[in-house]
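1. The following comprises the amino acid sequence and a computationally predicted model.
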Amino acid sequence: MQSLEDRGEFMKVGKISEVALKRAVFKQLKNRRDEVLFGGSIGEDCTAMKLGAGEVCVFSSNPVTGAGKIQGALAIYSAVNNLVTSGAEAVGVMITVLLPEDFKESRLIELNEQIEDVCQTLQIQVMGGHTEVTMAVNEPVFSVTAIGKVKEKNLLHAKNAKADQDIVMSKWIGMEGSVAIVAAKEKELLERFPKAMIDQIKKMLSNCCVNAEAALAVKSGVSAMHDVSSGGIYGALYELSEAAGVGLEIDLRAIPIKQETVEICEYLGLNPYYLKSGGSMLMVCDHGQELVRLLEKEGIFAAVIGRTTSENAKAVINEGEISYLERPKADELLRAR
């Protein structure tokens, strides 16, 4: 007689059953890469990837919580966005999923379908992972490790940024945070804002990936890149400055932000400059306007938002008034829950 879990009604504490694993996970994950030799199947405890001559393997791990029904997509985007700042091409991901008690299998299927959609778009493979139900969490926790490859001679480090270079930012700050807020509070927000505006925010999800601008930036010869994720643009700028040992002069009014994000943040009392901003990339180079033109030629909005300096100060200038970046704070998304 099949258990309730094997019939797909709910999942018990512990590793999910083989039947549920095949039905709710493996059945959804189809994309494959030639570099992946094996992995992602019953009985395999690891995965393997082959590299070409002169290539090195690059890894980046990232946890995602509190993203509601879009958690699967944001988990993949977040890890891959971190990875490609090194100049690497993403090949695959390893995913650990911890689920609360009585989590419905149908919901897990939806999340894995979402993951597969993103993997198909990015042309990467789910190389393996682990899924279990545990009493240790009260909401789903995704931990994703992205795995990629790059020629060693082309490997980028944030510390490679030098003084007196331009800082270019792609797209708009707060996109990931805006999407996550709508996913969690859509009903409440629809009582305050037009449905058309909420729909526009939902569309931002497709922009929460930086693969395209990273590839173009690498070809153009940038010195360094840093994705704008948890802690928002202020957190990302601070981290870039610390990694490279350079100062900053940032023009606040040059930082692109969508009006929809401004309105959501004003309504919830959030600071958009500390809001999660996956989908935006900081790129440091000698000729920022040339990079902006290159990106915009490929349909990617970008702007020069400031410069690195030889000083220690991390200055933000707003119509002549100067303030200074502090150590990164907790992301504003945490206050929006």
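-> Received it, and whenever you're ready, just let me know what you need.
2. could I have stretch 49-58 exported to PDB, CA atoms only?
-> Provided in PDB are the C-alpha atoms of stretch 49-58 (Å, rounded to 0.1, in the frame of the first residue of the first chain):
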ATOM      1  CA  MET A  49      32.400  18.300 -14.600                       C
ATOM      2  CA  LYS A  50      35.200  18.200 -17.200                       C
ATOM      3  CA  LEU A  51      37.200  21.300 -18.000                       C
ATOM      4  CA  GLY A  52      39.100  22.300 -21.200                       C
ATOM      5  CA  ALA A  53      42.700  23.200 -21.400                       C
ATOM      6  CA  GLY A  54      43.600  26.300 -19.400                       C
ATOM      7  CA  GLU A  55      40.200  26.500 -17.700                       C
ATOM      8  CA  VAL A  56      39.500  26.800 -14.000                       C
ATOM      9  CA  CYS A  57      36.400  25.900 -12.100                       C
ATOM     10  CA  VAL A  58      34.500  28.700 -10.300                       C
END
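3. Spatially central residue for this structure, please.
-> Ser78 (2.1 Å; Cα atoms, centre = their mean).
4. wait, Leu248 sits on Lys314?
-> Yes: contact criterion Cβ atoms under 8 Å: Leu248 and Lys314 qualify, at 4.5 Å. Using the backbone N, CA and C atoms, a C-beta is placed for each residue, glycine as well.
5. what is in contact with these two at once?
-> Jointly contacting Leu248 and Lys314 under the rule Cβ atoms under 8 Å, 6 or more residues apart in numbering are Leu237, Ser241, Leu325.
6. Which stretches in this protein count as strands?
-> 14-15, 36-38, 48-49, 55-64, 89-99, 125-133, 141-151, 166-170, 224-228, 247-251, 280-285, 302-309, 314-318, 321-324 (DSSP state E).
7. Could you chop the chain up by domain?
-> Domain assignment for the chain by automatic domain parsing gives 14-154, 158-336.
8. before we move on, the earlier item: weakest of the strands of the chain by average pLDDT?
-> If the strands of the chain are sorted by mean pLDDT, strand 14-15 sits at the bottom with a mean of 58.
9. what's the least confident stretch among the domains of the chain?
-> Ranked by mean pLDDT, those bottom out at domain 14-154, with a mean of 86.
10. mind listing what's buried in stretch 57-66?
-> Burial within stretch 57-66, assessed by neighbour count using 16 or more other Cβ atoms under 10 Å, is assigned to Val58, Ser60, Ser61, Asn62, Val64, Thr65, Gly66.
11. cool, stretch 108-117 as well?
-> Leu108, Ile109, Leu111, Asn112, Gln114, Ile115, Glu116.
12. ok, Ile255 - contacts?
-> Contacts of Ile255 by Cβ under 8 Å, 6+ apart are Met169, Ile173, Ile233, Tyr273, Ala303, Ile305.
13. Any figure for the gap between it and Lys151?
-> 33 Å (Cβ to Cβ, to the nearest Å).
14. now the shared contacts of Leu248 and Lys314 as a markdown table including distance to Gln200 and neighbour count?
-> Formatted as a markdown table, the shared contacts of Leu248 and Lys314 follow (distance: Cβ to Cβ, whole Å; neighbours: other Cβ atoms under 10 Å):
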| residue | distance to Gln200 | neighbour count |
| --- | --- | --- |
| Leu237 | 26 | 26 |
| Ser241 | 33 | 23 |
| Leu325 | 30 | 19 |
